[in-house]
Each structure stands twice: as C-alpha cells, then as structure tokens.
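Q: Got a predicted model here, sequence first, then my questions.
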Amino acid sequence: MGKLLKYIAKETQCACFTSFKYCYDTINAPAIKYGEAENEYTNLKEYAEDVHDPKPRDMRQRAAICMQGSPLFKYFLDGSRRVYKVNDIQYDKKVYPIVSGQISVACCCREMNEDNTFRSFHHIYEESYPVLCLPITANGEGMDNDVFFRNLCNKLNGLQQMINAGVKFIRKDVKPIVARFTI
C-alpha cells in the first residue's frame, strides 16, 4: 500500500502522512476531526424499515404462519466488507483520512427436503470489489471531477504492482452520504 499511496500523493500534489492504521470492523475509531463534513448527519431511519416504531413487536404469530409452508426464499445474498483507515492525506491545509477496503457479495442457494428440513447450501455467484476513497479536493487541477478520477483510476490500474496483484479499480459514481468522498 505504501508505494500506491506515494504514487497517489505525487499524482494529486499532496502531502501524505503515516498515521495510526486500523480496521473499522475490529476497533473503535479514534475521534479525529476531518474537515467540515463531520457536522453533517444522515437520518438512517429514512432508509430502514417501513414501520418506524421503536418499541419491540411480537413476531411469533407471523413466524408461526411462515413455518407452516416451505421457505419463502431459495436464493439469497450474503456479503461482507472490510474497511481500513490506512493513512492521512493533506489537501489545501486540511487533513483527510485515506480509507481503503473490499466489498464482497455472493448469491447463495438453500435446498430443502420434502419435509422442509435443510438439505444443502451452495454458492451460485460472487463478486468482490477493492475500494479506495479519496476526497474530492484531491482534484487540484481544476478539471472535471469525473475526468480527473477516471484518469487517476486508469493510471493506478496501469501500475505494475496492481497488475501483479491482480487488483483493478473501477471508477464508480457515488453520491456522498456523510462525508465529501468519492470512489
């Protein structure tokens, strides 16, 4: 990762700092203030269940009805993600975290016996994506963000270490939710 970060620092004319590295999944993140986006808030209730009742609900009756027949779903998705804070990077006198990770998802199939007991489980299809997040301010050249980050992505994919590792970044258009980052 060190060579990749040095290359990004050179391409985006920034200062890269070695800092405390950690996995967001295994450790509580230190409280470090990164720019103005920290004050933004997203109400996750807008994206969750249809019923926003905070009280517990008795689901035993619904479960009993569902248990009488065969399972509703034969195919389902399973996935995981790992997110790492790998370094800090400075643009315009503001320090931002460099966040990297991997997102994996698989389609799985559950086979049942005639008496609705579990028979087998098998894998149908899977995809895995490497993710590297940089702040929009990494585009110090003033060109269109889409063009700049697509070019940076292509340059990163052309590095010999990326080719040797079999890793390829694909530029995705992502609308920022909490912080002003782009992938």
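A: Looks like it came in fine.
Q: List the beta-bridge partners for the residue nearest in space to the middle of the chain.
A: The centre of the chain sits closest to residue 103, judged by Cα atoms, centre = their mean, with a distance of 5.8 Å. For residue 103, the beta-bridge partners are residue 81, residue 129 (DSSP bridges).
Q: Where does residue 105 sit: helix, strand or coil?
A: Per DSSP: H, G, I helix; E, B strand; the rest coil, the secondary structure class of residue 105 is strand.
Q: To clarify, my last question referred to residue 54.
A: With three-state DSSP as the criterion, residue 54 reads coil.
Q: Which strands and helices lie in contact with the biggest helix by length in the chain?
A: Counting by DSSP state H, the longest helix found in the chain is helix 145-157. Contacts defined by 3 or more Cβ pairs under 8 Å, 6 or more residues apart in numbering; DSSP states H and E place helix 145-157 against helix 2-11. Using the backbone N, CA and C atoms, a C-beta is placed for each residue, glycine as well.
Q: what residues does the helix it packs on touch?
A: Helix 2-11 is contacted from outside by 14-16, 86-87, 89, 98, 134, 138, 152, 155-156, 159, 161-162, using Cβ atoms under 8 Å, 6 or more residues apart in numbering.
Q: Give me the buried stretch members for stretch 99-113, please.
A: Buried positions in stretch 99-113, judged by neighbour count with 16 or more other Cβ atoms under 10 Å: 99-101.
Q: cool, stretch 1-8 as well?
A: So, applying 16+ other Cβ under 10 Å, buried residues of stretch 1-8: 4-5, 7-8.
Q: Now do it, average pLDDT.
A: In this model, stretch 1-8 has a mean pLDDT of 83.
Q: Tell me how far it lies from the chain's centre.
A: 20 Å (Cα atoms, centre = their mean, to the nearest Å).
Q: Which one of the buried residues of stretch 1-8 is nearest to residue 20?
A: Residue 20 lies nearest to residue 5 out of those, by Cβ to Cβ, at 14.8 Å.
Q: what about the closest one, distance to residue 53?
A: 46 Å (Cβ to Cβ, to the nearest Å).
Q: chain center to stretch 115-134: distance?
A: 16 Å.
Q: For it, which outside residues touch it?
A: Residues contacting stretch 115-134 (Cβ under 8 Å, 6+ apart): 8, 12, 69-71, 75, 83, 89, 96, 98-113, 149, 156, 167-170, 181-183.
Q: for stretch 83-91, same thing?
A: Surrounding stretch 83-91, the residues in contact under the criterion Cβ under 8 Å, 6+ apart are 1, 5, 8-9, 12, 14-25, 29, 95-101, 131, 134-135, 137-138, 140.
Q: From the contacts of helix 2-11, which land in helices?
A: 152, 155-156, 161-162.
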